[in-house]
Every structure is written in C-alpha cells, then in structure tokens.
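Colleague: Requesting a structural model of the entry that follows:
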Amino acid sequence: MTRTDIRPVKLPDDKRQAASQALTKVRAYLAEHQGASQIQVTVRDSGDREPLTLPREVVELLASLLAHLGAGRAVSIVPSDAELTAQQAADMLNVSLPFLIGLLDAGEIGCRAVGSHHRITESSLLEYQRRDDRRRRRVADELGRLGQETDAGQVDGPDSG
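Modeller: Predicted coordinates:
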C-alpha cells in the first residue's frame with residue numbers, strides 16, 4: 001500500500017453556486033431514473049464526443065461531493081484501503097498527534113509500524129470512529145436517563161416555602 005494524498009479540496013466562493021446548481025440537476029436526474037444502473041453524461045465542448053457512461057454509484061458519489069462543496073465544506077476522497085500517516089489520521093479525527101499516538105499505543109486503532117512511523121488504514125480509522133460514536137451515544141443516553149431520574153425524584157429543597 002502507498003501513502004495517500006488526502007489534501008481537502010474546497011471551492012472558492014465564486015464556484016460554490018455552480019456546484020449547487022449542478023447538484024440540483026444531478027439529484028433530479030437520479031430521481032427520474034431510479035432504476036438506472038448506469039447513467040450517461042454528455043459533456044458539451046467544441047468537439048463531438050460520445051456520452052460518458054458512469055455507474056450510478058459514481059453519480060451518487062458526485063452528488064454527495066457537490067452537496068458538500070456547494071455548502072462550502074472541504075472534501076477529501078480516501079480509498080478504504082489507503083494507508084495514512086499518523087498526522088493524516090489525527091487530522092481526519094480532528095485530534096492532536098499525541099492523542100492519536102496514545103490511541104495507537106493503547107490498541108484502540110489498528111496500525112502497522114514502518115520504521116519508527118505508524119501507518120493506519122482508513123478502514124481501521126473508520127472502525128474506531130464508529131466504535132467511538134456508539135460509545136458516545138451510550139454515554140449521552142445514560143446521562144439523559146440519569147437526568148430524567150434526578151428530575152423525577154427531586155423534592156422541594158430547603159429553600160422552598
């Protein structure tokens with residue numbers, strides 16, 4: 001596996017509107033052709049070209065990209081088998097490099113060593129994110145439940161009449 005360039009792409013403000021307009025057309029086409037497994041795209045330019053045939057999944061991914069880019073968000077595409085450096089993985093999780101290294105050392109995220117460096121697959125990073133999201137939801141649910149129990153069990157305090 002090779003290192004992956006995951007630099008995000010962000011459209012300048014003057015191109016965001018074009019992305020939003022294209023998204024509207026792509027979504028309408030997808031809705032009208034729900035059963036289509038392949039979609040033909042015609043590119044208008046000065047030459048005569050055959051339509052470009054794309055798998056539906058590619059056009060759906062394009063719609064997702066256009067939605068994010070049109071909303072002003074930066075987007076990166078990372079193959080699921082891509083190997084990331086520790087810094088790239090920390091950037092994707094929006095955590096510091098030392099925090100990520102702690103997760104790697106604790107075995108929370110799978111990685112392999114390349115000399116003194118870590119390589120993390122995108123799939124192991126996403127698996128950690130899923131586990132962490134589930135854990136956070138459980139903790140939030142438990143806190144909500146405890147808050148409801150506390151509210152239900154409250155009686156008038158010493159300052160009440």
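Colleague: List the buried residues for the longest helix along the chain?
Modeller: Taking DSSP state H as the criterion, the chain has its longest helix at helix 122-153. Of the residues in helix 122-153, Glu122, Ser124, Leu125, Tyr128 count as buried by neighbour count, 16 or more other Cβ atoms under 10 Å. Where C-beta positions appear, they are placed from N, C-alpha and C, glycine not excepted.
Colleague: Against Phe99, how distant is the second one?
Modeller: Distance of Ser124 to Phe99, given as Cβ to Cβ, to the nearest Å: 16 Å.
Colleague: before we move on, what about the third one?
Modeller: From Leu125 across to Phe99, the span is 14 Å (Cβ to Cβ).
Colleague: And the first one, by the same measure?
Modeller: The spacing between Glu122 and Phe99, counted by Cβ to Cβ, is 19 Å.
Colleague: name the helices or strands packed onto the least confident helix or strand in the chain by mean pLDDT?
Modeller: None of the helices or strands of the chain scores lower by mean pLDDT, DSSP states H and E than strand 38-41, at a mean of 84. Where contact means 3 or more Cβ pairs under 8 Å, 6 or more residues apart in numbering; DSSP states H and E, strand 38-41 is packed against strand 52-55, helix 56-70.
Colleague: partners of that strand in the sheet?
Modeller: Using DSSP bridges, the strands paired with strand 38-41 are strand 52-55 (antiparallel).
Colleague: Any buried residues in the strand it pairs with, and which?
Modeller: Of the residues in strand 52-55, none is buried (16+ other Cβ under 10 Å).
Colleague: model confidence over it, on average?
Modeller: Average pLDDT, strand 52-55: 87.
Colleague: what's the answer for stretch 20-29, then?
Modeller: 92.
Colleague: which residues are in contact with that stretch?
Modeller: Contact partners of stretch 20-29, identified using Cβ atoms under 8 Å, 6 or more residues apart in numbering, comprise Ile39, Val59, Leu62, Ala63, Leu66, Ala67, Gly70.
Colleague: Can I have the buried ones of the residues you listed as a PyMOL selection?
Modeller: Typed into PyMOL, the line below selects the buried ones among the contacts of stretch 20-29, using 16+ other Cβ under 10 Å:
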select buried, resi 39+59+62+63+66+67+70
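Colleague: looking at it, Leu125 is touching Ile109, isn't it?
Modeller: Yes. Look at Leu125 against Ile109 with Cβ atoms under 8 Å: they come within range, at 6.3 Å.
Colleague: anything in contact with each of the two?
Modeller: In contact with both Leu125 and Ile109: Ala89, using Cβ under 8 Å, 6+ apart.
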